[in-house]
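Engineer: okay, sequence plus prediction incoming.
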Amino acid sequence: MRVMHVMGGGDVGGAKTHIMNMVTGLNEQNDVMLLSFRAGPFADEARERGIDVRVIERTNPFRAVHAMRDLVDEFKPDIIHCHGGRANLMGAMMRRSRQVPIITTVHSDYRLDYLGNPFKQHTFGTANAIALRFLDFYQPVADRMARTLIERGFDPEQIVKIYNGMEFHKPQGAFDRAAYLRETYGVEIEPGDVLCGIAARLTAVKDIATTVRGFAEALKEAPQLRLFIAGDGEDLEMLQKLAAQLGAADRVTFCGWVSPVEPFFRAMDINLLSSVSETFPYSILEGVCAGCATVCSDVGGMPELIDTGENGYIFQIGDYMQLARYLSKLGNDAGLRQKFADALYEKASRDFSKEKMCERQMENYRHVLARFHTPRDARRGIVICGAYGRGNAGDDAILEAIVQEMRELDPSRPICVMSRRPKETRLVYRTGAIYTFNVFAVLKRFRKAALYINGGGSLMQDVTSTRSIQYYLYTLRAAKRHGCKVMMYGCGIGPINRTMNRDMAARVIDRYVDRITLRDDNSRTELRRMGVLRPDIRVSADPTIILDAAPREMVNVALEQSGIDPNGHYIGFGLRNWKGLDAALPEIAAAATYAYEKHGLTPVFVPIEFPSDLMPAERVGALLKCPWHTIRTRQPIEVTIGILARMTTVVGIRLHSLMFSAGQGVPVVGMSYDIKVDGFLKYIGSRTCLQLQTVRAEELYKLIDECVSGALDEQVRKTAEMLREREQENVRGAAILLGMTTEKD
């Protein structure tokens, strides 16, 4: 692949390190040219490393872009990759004159790049912000910057993520840090001193003041701490005065600009970061490589690198008191410092190496090229419709599973979701999104789509609303008439009670749907009763079965935030408001108390839909005679699944509380309020199902005993395997309709 990297030439810090690592790594197997708009050390170093470097020194941007076009015509790149404001401006100016995709790496928050310098903010910063809107693709460093771009209106499907990477190697040979600090900075340290270091520009966005305040506070508990600040900038004088005001000046050393940085970090015990905005700072990776323990502010991709309490600490931006507590704890515990340093090195060297970064970059290039060279009139898109954007974890999980499966089929296909909250959907699922009932926008998407997915759940029912089933039927008809293949995906059918609705549903589904996959046998029986015969109908499983639980550490944090010991023993409850619940509440409360007294299982209420599921949890809790907990904040789907996976057994009214649990191999007890609950439990061969309106505590006792006894463990394990295997029928059906495979395959 031929790649032209474009940069301003004055790049420093993390951006410089990223570009240098990237171009040298890619140059090993690709043709790489580095175009710089300034001569100097960066261009010289790249040239010394074997990179084809070209320099265009033009103050007039129109002359500069003309020279850039000549180089593009000479080099004939497959892709142009910009870094920084000057490069973005040049890329935007020449974008339409050459049919080459232009991608930019967003190394930092462009709105904060010149924080503290109003003139540059309103000139260079504004020019960059405008130029960004005219490029083809965006590559933010780490997920949080991707979220920021989407929140500002950038198209999620033009965004691909990257993470900084570096060559990890533990320093070799003896190192006398006392001699290094004495000879380099004229500082004498004592044998018991614990050294904290921060390497950053002394500017507002780095918020070094929080580091100084936190350090001064930590000295009260850990007077052996010392702070070394490596960097220069306009905040130097202010920071020196602050250290003096806080009485910490004699323990703080301002080192100025440090190069090389490796011996600086080798001398430190703790590496600090207190920025208000970052992407994936190299200063943290460099400290990891040198064997430092790490404490940093909650910015950029740091939560993806650091698991707080496991391999480092993260504090909220500006919270110097929390920083002080972490510094005191590390300052007084050498074993903890070593534990964190070793654990973080193992994770960083595995997941954020230079090789990993270049692999991700090549994947991103291939994705960008496939998207860019797809003919504009090609029908390749996928439109997904369902009860999305309403705060229901079950429906959200369905969407997440379908999007995941469609991207596994073909990452380059554009996906658009019909949602009640399109902005939120774009942000969470990184897809296109339109308002569900914006008919004109829906029809426009149908004209460009290859496949319309009526996505999961029980959309075809009239218990909650007649208007909703009529609208969903309208979308099936409209999608087909506009040239889409139409699929009902891992769904449930019914109940459809009104004669008019049954007749209409039967006619529309039979005529306009190409393929139907169902999550239970009851739904297939219902379609046959309605007279739906023409579509290809298969029984599969609910798409959410494919979703995995969040990592253990993330689930632990969620439990602890809810006041729940991650190592306890629990029985889970997934409740919802429904007719018959009032009479069932005392029975459920009695069963929860029974589980606690006989089996030592503390009740945990796990809401699936926020905030409506909190009310029945509180009502049962008020009747309990034992300790109990509720997950009171909305959690990501994977975390909710992870919490349910920690339960010994789960008693559920909510269908997806049962599905999530069964998919994780947890025995379930169902209290059915709808045929979809009966259908699911019957489908998995479960005999642990009661009717909500007639549930009795004694019956629940017996089923809880059976679940806790282990007698069902093997059956539950096989059920989870069966559901995951059958769910693949959903993906296979979509692949057939998209022409990616055939029935024989």
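Structural biologist: Great, that's in hand. What you see is a predicted model, and the numbers here were worked out from it, not measured in a lab. Residues are numbered from 1 along each chain as shown.

Engineer: how about residue 106, phi and psi?
Structural biologist: Phi and psi for residue 106, reported as degrees, to the nearest 10, are phi -90, psi 100.

Engineer: now residue 691: closest residue in space, sequence neighbours ignored.
Structural biologist: Take residue 691 and drop its neighbours on the chain: the residue closest to it by CB to CB, 6 or more residues apart in numbering is residue 672, 5.5 Å away. For the C-beta atoms, the positions are set from N, CA and C on the backbone; glycine is no exception.

Engineer: residue 29 in helix, strand or coil?
Structural biologist: Secondary structure, DSSP: H, G, I helix; E, B strand; the rest coil: residue 29 is coil.

Engineer: does the residue nearest to residue 691 touch residue 681 like I think?
Structural biologist: Yes - counting by CB atoms under 8 Å, residue 672 does reach residue 681; the two are 7.4 Å apart.

Engineer: spatially central residue for the protein, please.
Structural biologist: Residue closest to the average C-alpha location in the chain (CA atoms, centre = their mean): residue 143, at 6.3 Å.

Engineer: and the longest helix seen in the chain, what's its mean pLDDT?
Structural biologist: Assignment by DSSP state H gives helix 713-737 as the longest helix of the chain. Across helix 713-737, pLDDT averages out at 91.

Engineer: which secondary structure elements does it sit against?
Structural biologist: helix 393-409, strand 449-460, strand 485-493, strand 515-518, strand 536-539, helix 655-663 (3 or more CB pairs under 8 Å, 6 or more residues apart in numbering; DSSP states H and E).

Engineer: any chance of these in TSV, with distance to residue 692 and mean pLDDT too?
Structural biologist: TSV is the format used below for those (distance: least, CB to CB, whole Å; pLDDT from 0 to 100):
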stretch	distance to residue 692	mean pLDDT
helix 393-409	17	93
strand 449-460	17	90
strand 485-493	17	94
strand 515-518	23	96
strand 536-539	25	94
helix 655-663	12	91
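
Engineer: ok, back up a step: show residues contacting the longest helix of the chain.
Structural biologist: 402, 405-406, 408-409, 451, 453, 485, 487, 489-490, 514-515, 517, 536, 538-543, 545-546, 662-667, 684-686, 741-743 (CB atoms under 8 Å, 6 or more residues apart in numbering).

Engineer: now do it against strand 449-460, angle only.
Structural biologist: 140 degrees (axes from the mean of the first three to the mean of the last three CA atoms, to 10 degrees).

Engineer: run the angle between helix 713-737 and helix 655-663 for me.
Structural biologist: Going by the same axes, to 10 degrees, helix 713-737 makes 110 degrees with helix 655-663.

Engineer: quick one, helix 713-737 and helix 393-409 angle?
Structural biologist: Using the same axes, to 10 degrees, helix 713-737 lies at 60 degrees relative to helix 393-409.

Engineer: buried residues, helix 713-737. List them.
Structural biologist: Neighbour-count burial for helix 713-737, counted by 16 or more other CB atoms under 10 Å, picks out 716, 719-720, 723, 726-727, 729-737.

Engineer: how far does the strand or helix carrying residue 527 sit from the chain's center?
Structural biologist: Per DSSP states H and E: residue 527 is located in helix 521-530. In terms of CA atoms, centre = their mean, to the nearest Å, the centre of helix 521-530 is set 38 Å apart from its chain centre.

Engineer: swap in stretch 663-670?
Structural biologist: 26 Å.

Engineer: shaky segments in this structure?
Structural biologist: Applying pLDDT under 70 to the chain flags residues 11-13, 744-745.

Engineer: run a quick neighbour tally on the closest residue to residue 652 other than its chain neighbours.
Structural biologist: Distances taken as CB to CB, 6+ apart put residue 574 closest to residue 652, at 3.7 Å, once the chain neighbours are dropped. Other residues within reach of residue 574 by the criterion other CB atoms under 10 Å amount to 32.

Engineer: right, and residue 574 touches residue 649 too?
Structural biologist: No - using CB under 8 Å, residue 574 is not in contact with residue 649, being 11.6 Å away.

Engineer: thinking again about what came up before, list the buried residues for the helix holding residue 527?
Structural biologist: The neighbour-count check on helix 521-530 (16+ other CB under 10 Å) flags 522, 523, 524, 526, 527, 530 as buried.

Engineer: now the angle between strand 485-493 and that helix, please.
Structural biologist: Direction vectors for helix 521-530 and strand 485-493, defined by the same axes, to 10 degrees, enclose an angle of 110 degrees.

Engineer: got the CA coordinates for helix 521-530 in CSV?
Structural biologist: Taking Å, rounded to 0.1, in the frame of the first residue of the first chain, the C-alpha atoms of helix 521-530 are listed here in CSV:
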residue,chain,number,x,y,z
ASP,A,521,-41.3,-22.4,18.7
ASN,A,522,-44.4,-20.7,19.9
SER,A,523,-43.8,-17.9,17.4
ARG,A,524,-43.6,-20.3,14.6
THR,A,525,-46.8,-21.9,15.6
GLU,A,526,-48.4,-18.4,15.8
LEU,A,527,-47.3,-17.6,12.2
ARG,A,528,-48.8,-20.8,10.9
ARG,A,529,-52.1,-20.1,12.6
MET,A,530,-52.1,-16.7,11.0
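
Engineer: next, give phi and psi for the residue nearest to the centre of the chain.
Structural biologist: phi -70, psi -40.

Engineer: return the residues in contact with it.
Structural biologist: So residue 143 contacts 161, 301, 304 (CB under 8 Å, 6+ apart).

Engineer: ok, now residue 280?
Structural biologist: 14, 141, 142, 163, 164, 300, 301, 302, 305, 352.

Engineer: try it again with 10 Å
Structural biologist: 14, 18, 107, 140-145, 161-165, 299-302, 304-305, 352, 357 (CB atoms under 10 Å, 6 or more residues apart in numbering).

Engineer: try residue 460
Structural biologist: Residues in contact with residue 460 (CB under 10 Å, 6+ apart) are 454, 468-469, 472-473, 476, 488, 491-496, 501, 505, 508-509, 516, 523, 526-527, 530.

Engineer: and what of residue 327?
Structural biologist: Contact analysis of residue 327 by CB under 10 Å, 6+ apart lists 194, 196, 211, 214-215, 217-219, 221-222, 225, 227, 270, 272, 295, 313, 315, 320.

Engineer: please list only the buried members of the residues you listed.
Structural biologist: Neighbour-count burial (16+ other CB under 10 Å) applied to the contacts of residue 327 gives 194, 196, 211, 214-215, 217-219, 222, 225, 227, 270, 272, 295, 313, 315, 320.

Engineer: give me the subset of those lying in strands.
Structural biologist: Among these, the members falling in strands (DSSP state E) are 194, 196, 225, 227, 270, 272, 295, 313, 315.

Engineer: if we take these, which one ends up nearest to residue 66?
Structural biologist: Ranked by distance to residue 66 (CB to CB), those are led by residue 272 at 46.0 Å.

Engineer: surely that closest one meets residue 281?
Structural biologist: No - using CB atoms under 10 Å, residue 272 is not in contact with residue 281, being 11.1 Å away.

Engineer: name the residues contacting each of the two.
Structural biologist: 199, 200, 287, 296.

Engineer: what about the second one, neighbour count?
Structural biologist: A total of 23 residues lie near residue 200 under the criterion other CB under 10 Å.
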